[in-house]
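1. structure for this input, please:
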Amino acid sequence: MRWALVKVCLAVTAMVVVAFAVPLGLVVKEMARDRAFSDAERQAATIGPTLSITTDRAELETAVLTTEPGAAGRMAVHIPASAEPDSRPVEIGTRRATRKDLETVRTSGRASISEVAGGSALLQPTALGSGGIAVVEVFVPEGEESNGVTTAWLMLAGVGIGLIVGSVAVADRLGVRMVQPAQRLASAAHDLGEGRLGTRVREEGPTELRSAAVAFNSMADQVVQLLSNERELAADLSHRLRTPLTVLRLNAASLGEGPAAEQTRAAVEQLEHEVDTIIRTAREQRPPTQGLNGGPGAGCDASEVIRERMDFWSALAEDEGREVRLAGVDRTVRIPVARPELVAALDALLGNIFRHTPEGTAFAVDVHHSGDAVIVLVSDAGGGIADPKAALARGGSGGRGAQGSVGSTGLGLDIVRRVAESTGGDVLIGRSVLGGTEVRVWIWLDGRRPGQDGRGRGGRGHRVGRQRRGLRFTGRA
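-> Sure, this is the predicted structure:
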């Protein structure tokens with residue numbers, strides 16, 4: 001495509017140059033010839049006053065020699081014989097034109113140009129004082145007729161070559177501007193087809209190629225989003241299976257001894273192992289996502305969802321003798337989080353309590369609404385998390401004490417954190433007033449991101465302190 005454009009531009013420019021340069025060159029040649037004969041005519045006219053006064057040979061020779069062509073031997077004067085007796089024709093200078101041409105000019109009284117050896121001769125009729133007609137002959141060499149023509153033609157040729165070279169260069173640059181974006185688009189499509197999902201193309205080039213690049217990037221984003229949603233769905237659904245599995249495991253533990261009980265417990269353990277494997281596999285293959293909320297306007301009533309999930313977990317807590325406290329859910333609190341995502345986050349936090357604290361351990365869920373954010377605190381009276389920073393850094397759902405690595409997939413807190421960060425919030429882990437762990441989930445209602453107040457990550461600490469003063473938190477991060 002690039003060379004085809006160059007060839008077309010070369011052909012068009014060459015035709016334009018030929019169409020203008022050839023006629024212009026002929027005009028220059030004709031102008032040079034006209035200039036030479038105009039100068040010869042002017043020189044011939046300088047002898048006219050002398051011929052109108054005298055026909056004396058000596059005086060005429062002196063007058064001829066005073067002119068430029070006369071001094072160069074290129075002027076001749078032809079005076080016919082008069083009517084007086086013994087009068088003879090007078091010829092001054094070298095005659096080059098034929099006598100027939102001289103007689104024709106004398107008879108017609110009009111100037112004429114005759115082709116002679118080595119050039120041309122201008123024959124100019126001039127009236128004599130005696131009433132006759134003399135003919136002044138000025139020889140114009142071929143060099144004078146084409147004086148400056150070669151230089152002008154060379155300049156025209158140079159301009160034409162420059163135009164052709166310039167047009168080829170411009171065409172090449174235009175071809176590169178058109179071809180390179182197309183090549184990058186084709187290469188990106190090939191890379192995307194081979195599974196390199198991060199491939200994108202720069203939106204540059206002609207309007208059509210920019211539109212194609214925008215469409216390609218949008219398509220690639222959609223492909224990544226679809227794959228991300230699929231893997232997230234697989235991981236989240238698998239993780240949600242752990243809630244009923246936890247109930248089954250706890251119920252199986254109360255079956256006592258016996259082959260049936262052991263088989264039940266073994267089956268539950270095997271099922272948990274398979275679910276953990278699915279979660280880890282999906283998480284390892286999960287590409288970056290662009291949000292969890294399912295689009296603009298997605299959201300739910302946090303109080304309603306929390307009450308519903310606490311009803312579910314409270315039944316299990318009663319079986320294990322756990323004291324449960326729920327506060328702050330007596331009013332409607334709309335948050336920009338899809339209901340399934342909030343359910344998954346709550347089940348992950350509450351499931352961790354049942355999995356990693358002994359039976360009889362109390363826990364509490366508190367909801368605080370500060371106007372621009374909702375804070376969900378999940379606290380327990382267990383042994384706490386040995387390294388909260390490490391647990392958040394790896395997104396671990398289990399890093400609780402010595403049992404932190406047992407049965408942990410590293411997805412529980414990651415689900416919670418993604419839910420919070422999708423709104424611009426975050427997750428903090430600290431010591432609760434119950435003596436165990438407190439997980440504090442910040443959900444911003446206006447979608448603000450941490451650090452927009454000009455203090456980067458430090459802005460989060462400022463918000464924590466401000467909210468703590470306003471809401472009188474019972475825990476310490």
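2. export stretch 125-134 to CSV, keeping only CA atoms.
-> As requested, C-alpha coordinates have been extracted for stretch 125-134 and formatted as CSV (Å, rounded to 0.1, in the frame of the first residue of the first chain):
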residue,chain,number,x,y,z
PRO,A,125,14.6,49.0,-44.7
THR,A,126,15.6,52.6,-44.1
ALA,A,127,14.7,55.7,-46.1
LEU,A,128,17.5,57.8,-47.7
GLY,A,129,17.6,61.5,-48.0
SER,A,130,17.6,61.2,-51.8
GLY,A,131,14.3,59.2,-51.7
GLY,A,132,15.7,55.7,-52.1
ILE,A,133,15.5,52.8,-49.7
ALA,A,134,18.6,51.3,-48.1
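3. now it: buried residues?
-> Neighbour counts over stretch 125-134 (16 or more other CB atoms under 10 Å) mark Pro125, Thr126, Leu128, Gly132, Ile133, Ala134 as buried. C-betas here are computed from N, CA, C, even on glycine.
4. ok, which stretches of the chain are strands?
-> Ranges of strands in the chain, per DSSP state E, are 75-79, 90-92, 112-116, 119-127, 133-141, 300-301, 324-327, 334-335, 363-369, 373-380, 427-431, 437-444.
5. would you mind giving these as TSV with mean pLDDT and distance to Thr207 added?
-> Compiled in TSV, the strands of the chain are given as follows (pLDDT from 0 to 100; distance: least, CB to CB, whole Å):
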stretch	mean pLDDT	distance to Thr207
strand 75-79	89	71
strand 90-92	86	79
strand 112-116	88	62
strand 119-127	89	62
strand 133-141	89	62
strand 300-301	88	43
strand 324-327	94	59
strand 334-335	88	43
strand 363-369	93	50
strand 373-380	93	44
strand 427-431	90	46
strand 437-444	92	40
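6. how about Arg325: what's its closest non-neighbour residue?
-> The shortest distance from Arg325 to any non-neighbouring residue, by CB to CB, 6 or more residues apart in numbering, is to Ala364 (3.9 Å).
7. dump the strands of the chain into CSV; add distance to Gly198 as well.
-> Shown next, in CSV, are those (distance: least, CB to CB, whole Å):
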stretch, distance to Gly198
strand 75-79, 90
strand 90-92, 98
strand 112-116, 82
strand 119-127, 80
strand 133-141, 79
strand 300-301, 32
strand 324-327, 44
strand 334-335, 31
strand 363-369, 39
strand 373-380, 33
strand 427-431, 27
strand 437-444, 29
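8. now, among the buried residues of stretch 125-134, which is nearest to Ala317?
-> Within the buried residues of stretch 125-134, proximity to Ala317 (CB to CB) peaks at Pro125, which comes in at 135.3 Å.
9. my read: the closest one touches Thr104, true?
-> No - Pro125 lies out of contact with Thr104 (CB atoms under 8 Å); the separation is 10.2 Å.
10. neighbours of the closest residue to Asn217 other than its chain neighbours, how many?
-> Leaving aside its chain neighbours, Asn217 sits nearest to Arg200 (5.2 Å; criterion: CB to CB, 6+ apart). Residue neighbour count, defined by other CB atoms under 10 Å, stands at 15 for Arg200.
11. likewise for Ala390?
-> Here the number of neighbours of Ala390 (other CB under 10 Å) works out to 13.
12. what of Val90?
-> Each residue near Val90 was counted by other CB under 10 Å, and the total is 17.
13. in space, what's closest to it - neighbours in sequence excluded?
-> Spatially, and ignoring its direct neighbours in sequence, Val90 is nearest to Ile79 (4.0 Å; CB to CB, 6+ apart).
14. Ser114 against Val135, yeah?
-> No - look at Ser114 against Val135 with CB under 8 Å: they stay out of range, at 11.0 Å.
15. now the helices for the stretch 251-400 of the chain?
-> Listed in chain order, the helices of the stretch 251-400 of the chain (DSSP state H, counting those that start in this stretch) span 259-284, 302-320, 339-356, 388-394.
16. would you turn those into TSV with distance to Arg231?
-> Converted to TSV, those look like this (distance: least, CB to CB, whole Å):
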stretch	distance to Arg231
helix 259-284	5
helix 302-320	24
helix 339-356	14
helix 388-394	19
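17. out of Ser114 and Val135, which sits in the more crowded spot?
-> The residue with more neighbours, out of Ser114 and Val135 and counting by other CB under 10 Å, is Val135; that gives 25 against 17.
18. returning to that earlier point: quick check, nearest of the buried residues of stretch 125-134 to Pro49?
-> Each of those was scored against Pro49 by CB to CB, and Thr126 proved nearest at 9.6 Å.
19. and that closest one, what does it touch?
-> Counting by CB atoms under 8 Å, 6 or more residues apart in numbering, Thr126 touches Ala44, Ile47, Gly48, Leu51, Ser52, Ile133, Ala134, Val135, Val136.
20. please redo it, this time with the cut-off set to 10 Å
-> Taking CB atoms under 10 Å, 6 or more residues apart in numbering as the criterion, Thr126 is in contact with 44-45, 47-52, 77-79, 106, 111, 132-136.
21. buried subset of those?
-> Among the contacts of Thr126, those buried by neighbour count (16+ other CB under 10 Å) are 44, 47-48, 50-51, 77-79, 106, 111, 132-136.
22. list just the nearest of those to Asn251.
-> Asn251 lies nearest to Ala111 out of those, by CB to CB, at 131.1 Å.
23. look up how far Val324 lies from that closest one.
-> Using CB to CB, to the nearest Å, one gets 128 Å for the distance from Ala111 to Val324.
24. ditto for Pro141
-> Relative to Val324, Pro141 is positioned 123 Å away (CB to CB).
25. for Glu137, same thing?
-> If you measure Glu137 against Val324 using CB to CB, the figure is 133 Å.
26. and for Gly382?
-> In this structure, Gly382 and Val324 are separated by 14 Å, where distance is defined by CB to CB.
27. tell me who's in contact with the residue nearest to Leu346 when sequence neighbours are not counted.
-> Taking CB to CB, 6+ apart as the measure, Leu346 lies nearest to Arg309, with 4.7 Å between them; neighbours along the chain are not counted. Applying CB under 10 Å, 6+ apart, we find Arg309 in contact with Thr243, Leu342, Val343, Ala345, Leu346, Asp347, Leu349, Leu350, Val365.
28. one more: Gln263?
-> With contacts defined as CB under 10 Å, 6+ apart, the neighbours of Gln263 are Ala252.
29. my read: Phe139 touches Leu122, true?
-> Yes - applying CB atoms under 10 Å, one finds Phe139 in contact with Leu122, separated by 8.0 Å.
30. what sits in contact with each of those two?
-> Joint contacts of Phe139 and Leu122 (CB under 10 Å, 6+ apart) are Ala40, Pro69, Met75, Ala97.
31. out of those, who's nearest Asn229?
-> Proximity of the shared contacts of Phe139 and Leu122 to Asn229 (CB to CB) peaks at Ala40, which lies at 94.3 Å.
32. count of neighbours near the closest one?
-> With neighbours defined by other CB under 10 Å, the count for Ala40 comes to 25.
33. any idea of the pLDDT on it?
-> At Ala40, the pLDDT value in this model is 87.
34. and if you look at Gly295?
-> The predicted structure scores Gly295 at 41 on the pLDDT scale.
35. swap in Ile306?
-> Turning to Ile306, the model gives it a pLDDT of 94.
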